[in-house]
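Novice: Sequence first, then the predicted structure:
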Amino acid sequence: MTGGSVAAVDLGATSGRVIVGHVGPDTLETTQVARFANDPVTAGDGLHWDVLSLYGAAVKGLREAFRSEPQIASIGVDSWAVDYGMLRDGRLLGNPFHYRDERTARGVEAVHARMPHAELFERNGLQFLPFNTLYQLAAEPHELLQFADTALLIPDLVGYWLTGQARAEQTNASTTGLLRVLGGEWDDELIAGLGLPRSILPPLIAPGDTVGTLLPDVAAALGAPAGVPVTAVGSHDTASAVVAVPMQPDAAAYISCGTWGLVGVEVERLVLTPDALRANFTNEGGVDGRVRLLHNVMGLWVLSEAVRWWERTEGHRIDLPTLLDSAEEVDAATVPVFDVNDPRFLAPGDMPGRIDAWCAEHGLAAPRTRAAYARSIVESLAQAFADAAREAGRIGGVDVRAIHIVGGGALNELLCQRTADRAGLPVLAGPVEATALGNVLVQARAAGLVSGSLESLRDLVARTHRPRRHEPRS
Ligand code: LFR
């Protein structure tokens, strides 16, 4: 076989995995060598990521990767965006906060007192999300910001522990709100204007660049040969997922559907129009300088958090596939369609109760059974997906003729079908593991295992991972 192998560490909000990707001109195969839970912890001052346990699990997984495939040419790391760890002299100053921690409200107030969202949008091109890094940093104690010498987004932190090199990968850095959308450099003026220390932000690098080579003791712990590079990928998980959407960007929208539903189009130019601002669309940095013009829809979080709530309050496990089967039996016309993007659904907690409250405020009857809640959530997500896909096309000037759904949500056939029905467009579902594939592909290209533009990488995905097609029904 021509080609070779790379290892991808993909940290999601509910689980992480290590995958070995085998790539060649006609080959794109993945083997999952480790999967581990990501359990955020509420302790003391709020909701945190247990980042050392994630790193420990990633190292174990990488060790397994090198055991199964000693010829691994490179390692790449991606995760969710916006959250960061702060360091001084290489020491981590506390556990990173989870973006769903409610402390960010303070930061929003502080930042908007200095600069309203409309002005920020002109500078950083981002939709308003209360947890964007700039709001989180603005909520940090002044003393901590002064004491720290470095702030690293989660994949950059993992890269730092693996290589000793502190870098900020561009696609993820674009979610901080502190990058100048025109030019892509740290926005020194904005950073100073918000009273944040510029010195904690490391040099930027692009997907495909080398972060560094494994530190000798890390290489020993992984059972890896000396000199294996960590390659920057689209370290924002959504950026990696978009790389692996087998789409025609001038005729399709995508939904990267997991905890979130990231709904958008890929464009070559920034869209900073009043329309984009009004619809709360974001210009996130993509691989190869593309723009991810998208909107965050609440995603499967609402369903999984409802399930967690029932499990906690009723004291027994609920099987999701069985729940979805029963949801399919419910008549869609009998359940309420609620606004999944309402901020009340962001924080962990009583989702069924919040749905009830939303329905009461809007004069709708709340669902009565668990199956009806599940159906109501699916219908509401499908409607929000369809609306956002249409908006993305309109705002981005793309004639959307199909919608690709990638990520875990591609497994949810009811959601895919109902999105097709509500959008009146075909939905192409898969690949499920798009994020890991995008991570693998960018590394493989940097290592010379494949070559070409994003189009040829997507062509390889399309040839090796055929999507499932859902035609719209009236
Ligand atoms: C998806 C994602 C979204 C980002 C959210 C918070 O996993 O990365 O793109 O808005 O998580 O970081």
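Specialist: Structure's in. What do you need? Numbers count the residues shown, from 1 in each chain.
Novice: Let me know the helix or strand that Pro352 is in.
Specialist: helix 351-361 (DSSP states H and E).
Novice: Contact partners for Phe36?
Specialist: 15-17, 54, 57, 61 (C-beta atoms under 8 Å, 6 or more residues apart in numbering). In this view, the C-beta of every residue, glycine as well, is placed from N, C-alpha and C.
Novice: Just confirm it is within a strand.
Specialist: Yes. Looking at Phe36 with DSSP: H, G, I helix; E, B strand; the rest coil, it is inside a strand.
Novice: Next to the ligand, which bits of the stretch 251-400 of the chain? Give me the list.
Specialist: 258-260, 262, 296 (C-beta under 6 Å from any ligand atom).
Novice: Mind doing that once more with 5 Å?
Specialist: Proximity of the stretch 251-400 of the chain to the ligand (C-beta under 5 Å from any ligand atom) is limited to residues Trp260.
Novice: give me the residue from the stretch 251-400 of the chain nearest the ligand.
Specialist: Trp260 (4.4 Å; C-beta to the nearest ligand atom).
Novice: hang on, the earlier thing: any of the contacts of Phe36 buried? List them.
Specialist: Among the contacts of Phe36, those classed as buried by 16 or more other C-beta atoms under 10 Å are 16-17, 54, 57, 61.
Novice: Which ones among these lie within strands?
Specialist: 16-17 (DSSP state E).
Novice: Next secondary structure after the helix holding Pro352?
Specialist: helix 370-396.
Novice: now that following helix against helix 351-361, angle please.
Specialist: With axes from the mean of the first three to the mean of the last three C-alpha atoms, to 10 degrees applied, the angle from helix 370-396 to helix 351-361 works out at 70 degrees.
Novice: Now do the same for Val400: helix, strand or coil?
Specialist: Applying three-state DSSP: Val400 is coil.
Novice: can you tell me how far the residue nearest to it when sequence neighbours are not counted sits from Thr14?
Specialist: Leaving aside its sequence neighbours, Val400 sits nearest to Gly393 (C-beta to C-beta, 6 or more residues apart in numbering; 3.6 Å). Per C-beta to C-beta, to the nearest Å, Gly393 is found 30 Å from Thr14.
Novice: what's the answer for Ala462, then?
Specialist: 28 Å.
Novice: Looking at the two, which has the bigger crowd around it?
Specialist: With neighbours defined as other C-beta atoms under 10 Å, Ala462 and Thr14 compare such that Ala462 has more, 17 against 14.
Novice: What number of residues are in the vicinity of the residue nearest to Val400?
Specialist: 21.
Novice: quick one: contacts for the nearest residue to the residue of the stretch 251-400 of the chain closest to the ligand once chain neighbours are set aside?
Specialist: Nearest non-adjacent residue to Trp260, counting by C-beta to C-beta, 6+ apart: Gly299, 3.9 Å away. For Gly299, the contact set (C-beta under 8 Å, 6+ apart) comprises 257-262, 381, 409.
Novice: quick check: domain ranges of this protein?
Specialist: In terms of domains, the chain is parsed into 4-231, 247-430 (source: automatic domain parsing).
Novice: name the element the residue of the stretch 351-474 of the chain found nearest the ligand belongs to?
Specialist: As assessed by C-beta to the nearest ligand atom, the ligand sits closest to Thr435 within the stretch 351-474 of the chain, at 8.2 Å. Secondary structure from DSSP H and E places Thr435 in helix 434-446.
Novice: hmm, back to that, name the residues of the helix holding Pro352 that are buried.
Specialist: 351-352, 354-356, 358-359.
Novice: Can you tell me what sits against it?
Specialist: 302, 305-306, 309-310, 336, 338-339, 342, 344-345, 365-367, 373, 376-377.
Novice: what's the spacing between it and its chain's center?
Specialist: 27 Å (C-alpha atoms, centre = their mean, to the nearest Å).
Novice: Stretch 281-299 now?
Specialist: 10 Å.
Novice: Tell me the span between the first and last residue of that stretch.
Specialist: One end of stretch 281-299 sits 16 Å from the other (C-alpha to C-alpha, to the nearest Å).
Novice: Show me which positions of that stretch end up buried.
Specialist: Under 16+ other C-beta under 10 Å, the buried positions of stretch 281-299 are 281-288, 290-299.
Novice: swap in stretch 130-142?
Specialist: 131-140.
Novice: Distance check, the residue lying closest to Pro343 once chain neighbours are set aside against Trp358.
Specialist: Leaving aside its sequence neighbours, Pro343 sits nearest to Pro130 (C-beta to C-beta, 6+ apart; 7.5 Å). Separation of Pro130 from Trp358 (C-beta to C-beta): 19 Å.
Novice: Figure out the helix or strand that Thr419 lives in.
Specialist: Assigned by DSSP H and E, Thr419 falls in helix 413-423.
Novice: Could you pull up the mean pLDDT of that helix?
Specialist: Mean pLDDT, computed over helix 413-423, is 98.
Novice: by contact count, what packs against the helix or strand following that helix?
Specialist: For helix 413-423, the following helix or strand on the C-terminal side (DSSP H and E) is strand 427-429. With contacts defined as 3 or more C-beta pairs under 8 Å, 6 or more residues apart in numbering; DSSP states H and E, the packing partners of strand 427-429 are strand 402-406, helix 413-423, strand 468-470.
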